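>>> Sequence below, structure please.
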Amino acid sequence: MNGLFQLEKLTIRPLATYLYVPPIVWKGDSVGHIGENDLFFFVLEGECFLSVDSENYIIKPGQLAYLPKGKRRAYTHVSKRFSMYEMAFSATCENENLMKLLGLTEENFVVNIADTEKLSALFESSHRKELYKNPL
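Purely as a prediction, here's the structure:
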């Protein structure tokens, strides 16, 4: 046990990983919706506007954004040329949302990544596994 939860009761499931690079156009959702899954956005090029429960952010290359499940969120790119990874996932411990258990707040929703090459490689690996599941 680590003080917050028992590691053996931790469940993390990547649901889908997408890579959006030109000429693929990421449409976003400028109107907004309640998120059904937790999401990570990792911006590679350009900038993205993000709103989570009326808190606004501009996500820049090298930043990782967390979009929590159950919160109202809206997003769209603000740059003409834009590329990013998007990962939908579920992280729970005994049916409680892991991010909530960790105490993540709006201050933690967008963070700078020191080793962007390593994080890019992790997203790329996850994306390749996604392609093997569904080659189309």
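
>>> the helices in this protein, which residues?
98-101, 116-133 (DSSP state H).

>>> mean pLDDT for those: which is lowest?
Note on the helices of the chain: lowest mean pLDDT is at helix 98-101, with a mean of 75.

>>> Which helix or strand in this protein has the lowest average pLDDT?
In the chain, the helix or strand scored least confidently by mean pLDDT, DSSP states H and E is helix 98-101, which has a mean of 75.

>>> didn't S120 look like it was pressed against F42?
Yes. Between S120 and F42 there is a contact under C-beta atoms under 8 Å: 7.4 Å. To be clear about C-beta, it is placed using only N, CA and C from the backbone, and glycine gets the same treatment.

>>> Overlap of the contact sets of those two?
Here S120 and F42 have Y85 as joint contacts, going by C-beta atoms under 8 Å, 6 or more residues apart in numbering.

>>> Counting neighbours, go ahead and name the busier of those two.
When neighbours are counted by other C-beta atoms under 10 Å, S120 and F42 differ, and F42 comes out ahead with 22 against 15.

>>> pLDDT below threshold where in the protein?
Judged by pLDDT under 70, the chain has its weakly predicted residues at 1-7, 106, 130-136.

>>> Which residue, neighbours along the chain excluded, lies closest to the residue nearest in space to the middle of the chain?
Central residue of the chain (C-alpha atoms, centre = their mean): F40, 0.6 Å from the mean position. Distances taken as C-beta to C-beta, 6 or more residues apart in numbering place M87 nearest to F40, at 4.5 Å, with adjacent residues excluded.
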